[in-house]
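no FASTA, just this:
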């Protein structure tokens, strides 16, 4: 049982390049999330998907787009990467997005934008 | 918004109980208090959550004051593997998409 799987684990981009971070969960969860974590800070929500076919902005959505491809997969796209997007990105999932649920996190993608 | 305040760091001797405090004076009646931990840049791991009653599971105990303005996470017998950043998190809107992560408490378990 893999849980939440993120790819890639590390990525270096040049300013202006684009890339997509992939996330997949095998727990049949309805809700999925993308967070970023900057050094010395807590996690901040970028986007979330309450259920298949829906996405909503979180706290820091600017510069990102997301796609809920199906129930298992939720991708995060950087169209034109900027140095300010250097961060560790975490994907998470939960059963239905209601209170009292656990979030299950992936192991993260460390992204550097030069 | 249920904002939380935690000490930036704490030490604990291996084998002793670790008591991690959290203030959440602005929490409202329908907001849960969650605890997660993050071990050395791995993804955060859920520990426990509660609304108003004390809770216990295989990992920890959560003691919530009667006025709900503060809580304490208790790791009964800390080990070196419990060294991590512990996040006390509140919600607003009562949904998991509204979790607000602060900077947490770095717990260093000493041998």
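Structure's in. What do you need? No experiment lies behind these values; they were computed from the predicted model shown. Residues are numbered from 1 along each chain as shown, chains lettered A, B, ... in the order given.

Doesn't residue B:49 belong to a helix?
No: under DSSP: H, G, I helix; E, B strand; the rest coil, residue B:49 sits outside any helix and is assigned strand.

Tally up the residues packed near it, please.
Other residues lying near residue B:49 total 19 when counted by other Cβ atoms under 10 Å in any protein chain shown. From N, CA and C alone the C-beta is placed, and that goes for glycine too.

Looks like it contacts residue B:55 (just checking).
Yes: counting by Cβ atoms under 8 Å, residue B:55 is a contact partner of residue B:49 at 7.2 Å.

Are there residues contacting both of these two? Which ones?
residue B:62 (Cβ atoms under 8 Å, 6 or more residues apart in numbering or on different chains).

Surely residue A:41 and residue B:103 touch.
Yes: under the criterion of Cβ under 8 Å, residue A:41 makes contact with residue B:103 at 6.3 Å.

and chain A, which residues reach chain B?
For chain A, the residues in contact with chain B (Cβ under 8 Å from any Cβ of the partner chain) are A:4, A:31, A:33, A:35, A:40-45, A:48, A:50, A:56, A:58, A:88, A:90, A:92, A:94, A:97-108.

and these, which are buried?
Listed as buried from the residues of chain A next to chain B are A:4, A:31, A:33, A:35, A:42-45, A:48, A:50, A:58, A:88, A:90, A:92, A:94, A:97, A:99, A:101-106, A:108; burial here means 16 or more other Cβ atoms under 10 Å in any protein chain shown.

quick one: which of those residues sit in strands?
A:4, A:31, A:33, A:35, A:43-45, A:48, A:88, A:90, A:92, A:94, A:104-105 (DSSP state E).

would JSON lines of the residues you listed with pLDDT be doable?
Conversion of those to JSON lines gives the following (pLDDT from 0 to 100):
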{"residue": "A:4", "pLDDT": "97"}
{"residue": "A:31", "pLDDT": "91"}
{"residue": "A:33", "pLDDT": "93"}
{"residue": "A:35", "pLDDT": "94"}
{"residue": "A:43", "pLDDT": "88"}
{"residue": "A:44", "pLDDT": "90"}
{"residue": "A:45", "pLDDT": "90"}
{"residue": "A:48", "pLDDT": "91"}
{"residue": "A:88", "pLDDT": "96"}
{"residue": "A:90", "pLDDT": "97"}
{"residue": "A:92", "pLDDT": "94"}
{"residue": "A:94", "pLDDT": "91"}
{"residue": "A:104", "pLDDT": "93"}
{"residue": "A:105", "pLDDT": "95"}
